[in-house]
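K.L.:
Next comes the sequence, and after it the predicted model I'd like to discuss.
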Amino acid sequence: MPDHNPNDHMNKAGQATVDESARAARLMTDQAMKATEHYGQTTAEAGKTAAEIVKASLAAGADTAARSLDSMRDHLSSSMGFVGPNSENLAQRHRQNIEAMSQAGAAMIKGVDDMTRQMVTFAKDRLVTQIDAFNRVTQCRSVHDLVTAQSDLMRQGLEQSIESSRRIAEICAKATSEAATRIQHSHAA
C-alpha cells in the first residue's frame with residue numbers, strides 16, 4: 001500500500017498555483033510590453049506632428065508679419081513721407097526680431113518634444129519595473145522576503161523618478177537657454 005503524505009498533495013497544489021501565477025505574469029508582461037511600445041510610438045508620432053504644426057504656424061506667422069511690415073513701411077512712406085535709409089533700417093530690424101522669435105519658438109518646441117520623449121521613456125521604464133516587481137513579489141516565500149522586495153522596489157521607483165525629473169529639468173534648461181541665446185544674438189546684431 002503506497003504511503004500518501006497529505007503535505008505532498010498540498011505542495012503540488014501550491015506549486016501548480018505558483019506555476020500558473022508565473023505563467024500569467026509572463027503573459028501579462030508580454031502584453032504590457034506590446035501595449036507600452038505601441039503607446040510610445042503613438043505618443044512620439046503625435047508629438048512630432050504637433051511640433052510640425054507649430055513650426056508651420058510659426059513660419060506662416062513670420063511670413064505674414066514680414067509682409068505686414070513691408071506694407072506698413074510702404075504705407076508710412078507714401079502717407080507720411082517717411083522715406084530713406086531709416087525706414088529700411090526699421091523694417092530690417094523688425095524682420096530680424098520676428099526671425100529671432102521664430103527661432104526661439106522652434107527651440108522651445110524642440111524642448112517640449114524632447115521632454116515628451118523623456119516622459120514616455122520614463123513611463124515605459126516604470127511599467128517594466130512594476131512588472132518585475134509583480135514577479136518578485138509572487139516569488140516571495142516569507143514576510144521578510146516580501147518586506148525586503150517592497151523596500152527595494154520603493155527605492156528603485158524613487159530613483160527612477162528622480163533621474164527622470166533630472167533629465168526633464170536638463171532638457172527644459174537647455175531649450176530655454178537655446179531660445180534665449182537666439183533672442184540675444186538677434187539683439188546683438
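P.N.:
Great, that's in hand.

K.L.:
Which parts of this structure are helices?
P.N.:
6-80, 85-138, 143-188 (DSSP state H).

K.L.:
Could you name the helices and strands sitting against the last one?
P.N.:
Using 3 or more C-beta pairs under 8 Å, 6 or more residues apart in numbering; DSSP states H and E as the contact test, the elements touching helix 143-188 are helix 85-138. Using the backbone N, CA and C atoms, a C-beta is placed for each residue, glycine as well.

K.L.:
same question for the helix it packs on, mean pLDDT?
P.N.:
Across helix 85-138, the average pLDDT comes to 83.

K.L.:
same thing with stretch 169-185?
P.N.:
Mean predicted confidence for stretch 169-185 is 90.

K.L.:
Which positions in it come out as buried?
P.N.:
Neighbour-count burial for stretch 169-185, with 16 or more other C-beta atoms under 10 Å as criterion, is recorded at 171-172, 175, 178-179, 182-183.

K.L.:
got the phi/psi numbers for residue 141?
P.N.:
With angles defined as degrees, to the nearest 10, residue 141 sits at phi -120, psi 0.

K.L.:
Quickly note the distance from it to residue 127.
P.N.:
26 Å (C-beta to C-beta, to the nearest Å).

K.L.:
So for those two, which sits in the more crowded spot?
P.N.:
Using other C-beta atoms under 10 Å as the criterion, residue 141 and residue 127 rank with residue 127 on top: 16 against 8.

K.L.:
OK, contacts around residue 149?
P.N.:
133, 136-137, 140 (C-beta atoms under 8 Å, 6 or more residues apart in numbering).

K.L.:
Quick one: these as CSV, columns for neighbour count and distance to residue 105 too.
P.N.:
As requested, these are exported to CSV (neighbours: other C-beta atoms under 10 Å; distance: C-beta to C-beta, whole Å):
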residue, neighbour count, distance to residue 105
133, 17, 41
136, 16, 46
137, 14, 47
140, 14, 52
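
K.L.:
Noted, bye for now.
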